[in-house]
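Trainee: Need a 3D model of the following:
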Amino acid sequence: MAKPYVIGIDMGGTNTAFGLVDARGNVIASSSIKTAKHSDINDYIDELYEAITRILEENNAVGKVQGIGIGAPNSSYYTGMIEDTANLPWPCPIPLAQLITDKFGIQCIVTNDANAAAIGEMTYGAARGMKDFIMITLGTGVGSGIVVNGQMVYGHDGFAGELGHVIMKRTNGRMCGCGRCGCLEAYCSANGVARTAREFLEIRKEDSLLRSIPIDEITSKDVYDCAIQDDALAKEIFEYTGNILGEALADFCTFSSPEAFILFGGLTKSGELIMKPVRESYDRNILRNFKGKTKIILSEMKDADAAILGASALGWEAKD
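Mentor: Coordinates of the predicted model:
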């Protein structure tokens, strides 16, 4: 008899969200832990195991899980390895799929976290019915999942789709966690917004509500809170960020001519503060023959559901 559940895990740079999912795509129960709480990957897996076991026990699902799917940064669908990543605290490579399989006694399949979000969006969200779209995740870092003709683009090694590490500024670009300079992620992630705020405050003289916050403690949420209070400098930070992201999307469009870009992640909660400058910049920079053909929309999935559901879809591929 087929087992009725799978587990979907979304490993982000800050938090790891996970859920118990049934065959109809219902998230029966979910929770989260801090990703970077432990300096040792095995301690992290131990905490994850304990947290997921609690959910299974509470929902009478022990022994009823078909497989585990994980969306993790810079991971390969083909090997189950995290080869290298800017946003996790552990040395790489990490044989994540094997570590989870051994700990849980349940087969685990791994893909890039943004790919998992794209699969969830295609199945349950704004990309339903679309065969060509690009998912952009704006969180601790910037990730992407590219779908062409209804298929995820993995590349020959399983690592395709690292659009967050396309270089946007080749001269005097910011150092990125990946080791290169000028990457999109260094400007348009939540961390990138905070870095922009610090740079603006250091070189600009005008008053701002942001000056009441210790400069090294400023977060993207602080910038948002000040912007909605009509703080001019905070709003300019979003305009700067949106302009760079719009330029990037205009370039990405020439690659696969997607029906839509779907933006997902914490930074999208800023709404029109980020979306208006993104659309305006995109329209200024898009090649004429692509103009007006591609939508830029927000995810329809709630919080981590897209990534959890997308990752969970991998769980059904697992075999006993």
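Trainee: just so I have it, where are all the strands in the stretch 201-320 of the chain?
Mentor: Assigned by DSSP state E, counting those that start in this stretch, the stretch 201-320 of the chain shows strands spanning 260-264, 295-298.
Trainee: Can you tell me which of these is most buried?
Mentor: Scoring the strands of the stretch 201-320 of the chain by mean neighbour count under mean count of other CB atoms under 10 Å gives strand 260-264 as the most buried, with a mean of 23. Bear in mind the C-beta positions are built from the backbone N, C-alpha and C, glycine included.
Trainee: Pairing partners for that strand, with directions?
Mentor: With DSSP bridges as the criterion, the sheet partners recorded for strand 260-264 are strand 133-138 (parallel), strand 295-298 (parallel).
Trainee: Measure how buried the residue nearest to Lys34 when sequence neighbours are not counted is and give me the count.
Mentor: Using CB to CB, 6 or more residues apart in numbering and skipping residues adjacent in sequence, the residue nearest Lys34 is Asn15, 6.2 Å away. Summarising burial for Asn15: neighbours were counted as other CB atoms under 10 Å, giving 17.
Trainee: same question, the one 3 residues further on
Mentor: The criterion is other CB under 10 Å. On that basis, Phe18 has 27 neighbouring residues.
Trainee: Any idea what it is bridged to?
Mentor: When bridges are called by DSSP bridges, Phe18 pairs up with Ile9, Ser31.
Trainee: Pretty sure it sits against Arg54.
Mentor: No: using CB atoms under 8 Å, Phe18 and Arg54 do not qualify as a contacting pair, with a distance of 11.0 Å.
Trainee: Quick one: the strands in the stretch 51-200 of the chain, in order.
Mentor: In the stretch 51-200 of the chain, the strands defined using DSSP E, counting those that start in this stretch lie at 65-72, 108-112, 133-138, 142-148, 151-152.
Trainee: Can you check which of those gets nearest to Leu249?
Mentor: Taking CB to CB as the measure, the strands of the stretch 51-200 of the chain were each checked against Leu249, and strand 133-138 came out nearest at 7.5 Å.
Trainee: ok so, going back, mind putting the strands of the stretch 51-200 of the chain into TSV with distance to Cys178, mean neighbour count and mean pLDDT?
Mentor: Compiled in TSV, the strands of the stretch 51-200 of the chain are given as follows (distance: least, CB to CB, whole Å; neighbours: other CB atoms under 10 Å; pLDDT from 0 to 100):
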stretch	distance to Cys178	mean neighbour count	mean pLDDT
strand 65-72	16	26	95
strand 108-112	14	26	93
strand 133-138	16	29	95
strand 142-148	11	26	94
strand 151-152	22	15	92
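Trainee: would TSV of those strands with distance to Leu201 be doable?
Mentor: Below are the strands of the stretch 51-200 of the chain laid out as TSV (distance: least, CB to CB, whole Å):
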stretch	distance to Leu201
strand 65-72	34
strand 108-112	34
strand 133-138	22
strand 142-148	23
strand 151-152	41
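Trainee: Specify the angle between the biggest helix by length in the chain and strand 142-148 in degrees.
Mentor: Residue-count comparison of every helix in the chain, with assignments taken from DSSP state H, identifies helix 232-256 as the longest. Here helix 232-256 runs at an angle of 30 degrees relative to strand 142-148 (axes from the mean of the first three to the mean of the last three CA atoms, to 10 degrees).
Trainee: Let's check: the centremost residue of the chain is which one?
Mentor: Thr137 (3.7 Å; CA atoms, centre = their mean).
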